[in-house]
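Trainee: Dropping a prediction and its sequence here:
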Amino acid sequence: MTEQHLLAFAAILQDETRRGDRISYRMRWVFLALVLAMAGGMIASGRYLQAAWSGVGFLLLVMAYNYLLGYYLRRGQVPLAVRYLATSLDILLVTAYNVLLSLYITPLGVATTATMFAYPIILLFVALRLDKWQLAYAIALTLLCFNVPYFLIHPRLDPALLAQVVSADIAGHIFKSVFLLVFGLSLYFIHQTVRRLIAKQAQMFATQRAAEERYSATLESQVRMRTQELTQTNQELRQALAEVKTLSGLLPICAHCKKIRDDQGYWQGVEHYIAAHSQADFSHGVCPECLVKHYPEMYDILDDSPPRTDKQGEES
């Protein structure tokens, strides 16, 4: 791709990244509202008050930074540091919730709680930003936050209880970690697919643009050649019209000397008048009648044929 196409590709990619930020921003409000409702229900029922109030504190913190993220979104640009901060807080919020469950409800919370499914959702939201380095950071932080609390709390877990719960032991936790890793890496296909689609679109646009330019150049060449031909033809026509002179109307001619009166009132010989008003040229000669009349001695030498008659039947 040319530099212009690369710039256009970068602009489209940036637009898609901002769109991913907006989607993550909205979905985070939905997630926070659901968790806040769950915490409110726990407080109202009097169950797990410590976990509920701790969760409310984390929720208020996340709401504050989500509001800050919305401020940058409304301005049209989200700084890279804010994006990494948002991703970090999302992962840490889920981890903190799992830890609170393990501390206040059951130690198996770090291995069995349903909020672990929030990790893949967070990775998906990060992938929508089309930033591969941020996705790599999110995968690494997710694996760290997913495993560190488990292995810290694992010594407190009852081995007999672990044996009865599917995937609650170390092997099951490692399997879940591998699943998170594979899922996170598979999200790279979103980024690569979008880049390929945009690149192909840019290539198609370049090909179409080149074809249009070639067609335009050919058309301009044909128009230029046709214009030259028409110009040349017009010049030839103007030249021909300038050379064409015709005689029309009544010509005043003297009954005796046969001179013709022009528009200025001057009398000219017939040959001068016709030469001035037409393309005819004159060459002088002697007709047979004048030859007999003025040069009788030359008549027998130049013409032995009998005199001819003109159209009126007179002898010539």
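Mentor: Alright, I've got the coordinates.

Trainee: Next up, phi/psi of Ala276, please.
Mentor: Main-chain torsions, Ala276, degrees, to the nearest 10: phi -80, psi -20.

Trainee: What residues does it make contact with?
Mentor: 262, 268 (C-beta atoms under 8 Å, 6 or more residues apart in numbering). To be clear about C-beta, it is placed using only N, CA and C from the backbone, and glycine gets the same treatment.

Trainee: Let's test this: mean pLDDT of whatever helix or strand Leu230 lives in, rounded?
Mentor: Assigned by DSSP states H and E, Leu230 falls within helix 188-243. The pLDDT scores in helix 188-243 average 80.

Trainee: what is the rounded mean pLDDT of whatever helix or strand comes next after that helix?
Mentor: Using DSSP H and E, the next helix or strand after helix 188-243 towards the C-terminus is strand 260-261. For strand 260-261, the mean per-residue pLDDT is 79.

Trainee: Ok, stretch 281-291 next?
Mentor: The average pLDDT within stretch 281-291 is 75.

Trainee: what's the span of that stretch, first residue to last?
Mentor: End-to-end distance for stretch 281-291: 22 Å, by C-alpha to C-alpha, to the nearest Å.

Trainee: So which bits of it are buried?
Mentor: By 16 or more other C-beta atoms under 10 Å, the buried positions in stretch 281-291 come out as 288, 291.

Trainee: picking that back up, other SSEs contacting the helix holding Leu230?
Mentor: Under the contact definition 3 or more C-beta pairs under 8 Å, 6 or more residues apart in numbering; DSSP states H and E, helix 188-243 sits against helix 3-45, helix 118-127, helix 132-153.

Trainee: Can you pull up the most central residue in this structure?
Mentor: The centre of the chain sits closest to Phe205, judged by C-alpha atoms, centre = their mean, with a distance of 6.5 Å.

Trainee: So Ala127 versus Thr115, what's the distance?
Mentor: Separation of Ala127 from Thr115 (C-beta to C-beta, to the nearest Å) stands at 20 Å.

Trainee: In terms of neighbours, single out the busier of those two.
Mentor: Taking neighbours as other C-beta atoms under 10 Å, Ala127 and Thr115 compare with Ala127 leading, 23 against 15.

Trainee: wait, what's in contact with the more buried one?
Mentor: By C-beta under 8 Å, 6+ apart, the neighbours of Ala127 are 20, 135, 187-188, 190-191.

Trainee: Now rank these by neighbours and give me the top one.
Mentor: The most crowded member of the contacts of Ala127, judged by other C-beta under 10 Å, is Leu135 (23 neighbours).

Trainee: Quick check: it vs Leu89, distance?
Mentor: Leu135 sits 16 Å away from Leu89, going by C-beta to C-beta.

Trainee: can you pull the buried residues of stretch 186-201?
Mentor: For stretch 186-201, burial by neighbour count (16+ other C-beta under 10 Å) applies to 187, 190-191, 194-195, 198.

Trainee: Reformat those as TSV; add distance to Asp158.
Mentor: Putting the buried residues of stretch 186-201 into TSV (distance: C-beta to C-beta, whole Å) gives the following:
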residue	distance to Asp158
Leu187	36
Ile190	41
His191	43
Val194	47
Arg195	49
Ile198	54
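
Trainee: closest to Val148 among these?
Mentor: Leu187 (22.4 Å; C-beta to C-beta).

Trainee: Return the distance of the closest one relative to Leu128.
Mentor: Leu187 is 9 Å from Leu128, by C-beta to C-beta.

Trainee: same thing with Leu237?
Mentor: Distance of Leu237 to Leu128, given as C-beta to C-beta: 70 Å.

Trainee: So the two - more neighbours on which side?
Mentor: Legend: neighbour count by other C-beta under 10 Å for Leu237 and Leu128, higher for Leu128 (21 against 10).

Trainee: per-domain residue ranges of the protein.
Mentor: The chain breaks down by automatic domain parsing into domains covering 3-186, 252-284, 286-316.
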